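**Student:** take a look and give me a structure for this.
(2 chains)
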2 protein chains.
Amino acid sequence: MAVHRNADPASLFDAARTGDRVALPRLLSLVERGGDGARGVAEIAYRSAGEAYSIGITGAPGAGKSTLTDQLITRARTRGLSGSDQVAVLAVDPSSPFSGGAILGDRVRMQNHALDDKVFIRSMATRGHLGGLAVAVPDAVRVLSAVGVPVVLVETVGVGQQEVAVAAATDTTIVVVNPGWGDAIQANKAGLLEIADLFVINKADRPGARETRRDLELMLELTQLGDWRPMIIDTVASSGDGVDELWTAISDHRDHLIANGNLERFRRERLAREFHQILLARVEQQLDALLAADRFAPLVADMSNGTLDPYEAADQLLAGLFPDV
Amino acid sequence: MAVHRNADPASLFDAARTGDRVALPRLLSLVERGGDGARGVAEIAYRSAGEAYSIGITGAPGAGKSTLTDQLITRARTRGLSGSDQVAVLAVDPSSPFSGGAILGDRVRMQNHALDDKVFIRSMATRGHLGGLAVAVPDAVRVLSAVGVPVVLVETVGVGQQEVAVAAATDTTIVVVNPGWGDAIQANKAGLLEIADLFVINKADRPGARETRRDLELMLELTQLGDWRPMIIDTVASSGDGVDELWTAISDHRDHLIANGNLERFRRERLAREFHQILLARVEQQLDALLAADRFAPLVADMSNGTLDPYEAADQLLAGLFPDV
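**Tutor:** Next up, the predicted model:
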């Protein structure tokens, strides 16, 4: 089924569900671009309950996340998580002006899986999405879910604040470190310890893997944990060593989440946070519009004169805008 | 005049104006801490028109900003800007959990000026101020202004986004670089080129000063400039070489701003931006309160069920909150 360039979101979803390889990227481009297009897509995605399980992969540049993701694609294809063998990857790069897969051109896995029509790979940057990647990426995951993809790998390029938040907003979050003095401490500094469901010590054939594991365990001891204690898995992504164990750990974490009802609970909590982001972005837009409209020039003039302080001005402006809590 | 620990802001201002050395730090602590205390202080500061001229000093760590600031303190004391010879320094460190001067203990200038009661030095971090340093630092400058300080030096520790914004929100902004290949380019990357009224090439006795000047000049050629062309001054802060020329340049820039009316205009524009920050922080607070109050649990439940998407939910919630623009 060929999809017209100006097809509406509903037609694009119909086409994507029947396997159209053009419709899905177009839906994700709409999400990325933000505005009314993104909204139209999100509305449909929300209402189409899907079952996608999302897995976040984050860690410092050079830790081997791409190679690991490549290996996880293969595991998702051969072992699945819930019967189906499709898989999608979202490679999140907030700093990139490119998107839509352009930056992935040089990645090994493109060669490995490019001809596999059950693998969908896509890079994502923010282009104008209201709420930024914190909203755009979950929206993209929902789109993939709505068209029937059962597993979505969300890989970040680095460990910037935005990227960490995006990786954390998945069902299972994997933090990748390397052997070597201080790597675990760096992970702690970047806030990665708090978000990890699973730690991977990648390049574990290098010296220092045991020390890194000890560091991680020590830091976990010092951390307030919930009812899941993060596992630590050694891998050598380049050879595939340990990746089966990692896939088993992902599956175990998923079973654990489902068994105690946390999968639904955590998803609901993430949804509440997304909603908050959307509200905030919307309000900021409104404030920008109001200020741009020069409606407040008199207020600002009063502030300049010293006859009004901005706190009082804010009170005046916001009075009545919010219902009493 | 001794000030009671629980003195109200108005009494603290009165005491600070008569030279009480305890009242002023206490006012600034209130600003830093945020909340109602900060607000009470800001209200009075706004209404007490002062004449403080603010000078921002920013640049990469190690560029020699502290030593330069130390030298500028001496110039402010001996040459002043508008007759008076008092001076205050706010050392801005967003990453520091300390404040109130603690981190400055090891700084040379503490020894140089600690006994000079016309010099007031204080480090600032954010502790909870609504709107963060972008609002807290201008508030602190206004407090100093209100108690009669004529010159405030605002020095940042690094060139993080927050720090650059804070340094830029002063009357004259000085960007400090060092000789050496690429330093000017780094400055460009960090967004320093756009905010500089004056460039200082510090450690100008080292090789590469001439090339750095050429790089800066080239980049200025490529930049859209207003009616002030940023000057470039060579200094060796450790010996004081060039600092007199820098002080003259500051004074020239100030004269230029006053002559064409830009001092007032730029201050008004900065005030509008601060107001925007305050509004946004206030709205975010309200949203947090609303969400915490679980008022939206039903909305979030509907979103989880897929019967409502968050865009629609945001529309429902915000409908009527803002007047038409």
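**Student:** and chain A, what are its domains?
**Tutor:** A:50-259, A:274-318 (automatic domain parsing).
**Student:** the ones you listed: lowest mean pLDDT?
**Tutor:** Between those, the lowest average pLDDT goes to domain A:274-318, which shows a mean of 78.
**Student:** next one: the residue positioned nearest the centre of chain A from residue B:247, what distance?
**Tutor:** Residue closest to the mean C-alpha point of chain A, counted by Cα atoms, centre = their mean, is residue A:166 at 3.5 Å. Distance of residue A:166 to residue B:247, computed by Cβ to Cβ, to the nearest Å: 48 Å. Just so you know, the C-beta spots here come from the backbone N, C-alpha and C atoms, and that holds for glycine as well.
**Student:** ditto for residue A:198
**Tutor:** Distance of residue A:198 to residue B:247, computed by Cβ to Cβ: 58 Å.
**Student:** cool, and residue A:303?
**Tutor:** 31 Å.
**Student:** buried residues, the helix or strand containing residue A:253. List them.
**Tutor:** For residue A:253, the host element (DSSP states H and E) is helix A:243-259. Counting neighbours by 16 or more other Cβ atoms under 10 Å in any protein chain shown, one finds that the buried residues in helix A:243-259 are A:243, A:246, A:247, A:249, A:250, A:251, A:253, A:254, A:257.
**Student:** list the contacts of the fifth one.
**Tutor:** Residue A:250 is in contact with A:55, A:81, A:172, A:174, A:198, counting by Cβ atoms under 8 Å, 6 or more residues apart in numbering or on different chains.
**Student:** I figured residue A:170 hits residue A:52, correct?
**Tutor:** No - Residue A:170 lies out of contact with residue A:52 (Cβ atoms under 8 Å); the separation is 10.2 Å.
**Student:** overlap of the contact sets of these two?
**Tutor:** If you check residue A:170 and residue A:52 against Cβ under 8 Å, 6+ apart, the residues they both contact are A:141, A:152.
**Student:** which residue does the stretch 201-325 of chain A have closest to chain B?
**Tutor:** residue A:309 (3.7 Å; Cβ to the nearest Cβ).
**Student:** which residues sit in contact with that residue?
**Tutor:** Applying Cβ under 8 Å, 6+ apart, the residues near residue A:309 are A:303, B:42, B:43, B:45, B:46, B:47.
**Student:** what's the closest non-adjacent residue to the residue in the stretch 1-150 of chain A that chain B sits nearest to?
**Tutor:** Per Cβ to the nearest Cβ, residue A:46 is where the stretch 1-150 of chain A lies closest to chain B, at 3.7 Å. Leaving aside its sequence neighbours, residue A:46 sits nearest to residue B:309 (Cβ to Cβ, 6 or more residues apart in numbering or on different chains; 3.7 Å).
**Student:** quick check: phi and psi on the one you found?
**Tutor:** Per-residue torsions, residue B:309: phi -100, psi 160 (degrees, to the nearest 10).
**Student:** residue A:60 now?
**Tutor:** phi -60, psi 150.
**Student:** return the distance of stretch A:247-259 from the chain's centre.
**Tutor:** 19 Å (Cα atoms, centre = their mean, to the nearest Å).
**Student:** and stretch A:122-139, by the same measure?
**Tutor:** With Cα atoms, centre = their mean, you get 9 Å for stretch A:122-139.
**Student:** thinking again about what came up before, now the residue nearest to residue A:46: how far from residue A:142?
**Tutor:** Applying Cβ to Cβ, the value for residue B:309 to residue A:142 is 9 Å.
**Student:** find residues that contact each of these two.
**Tutor:** A:42, A:45, A:46.
**Student:** quick check, nearest of these to residue A:24?
**Tutor:** Checking the shared contacts of residue B:309 and residue A:142 against residue A:24 by Cβ to Cβ gives residue A:45 as the nearest, at 11.7 Å.
**Student:** which non-adjacent residue is nearest the closest one?
**Tutor:** residue A:142 (4.1 Å).
**Student:** and the one you found, what does it touch?
**Tutor:** Neighbour list for residue A:142: A:42, A:45, A:46, A:50, A:52 [criterion: Cβ under 8 Å, 6+ apart].
**Student:** kind regards, and thank you for your time.
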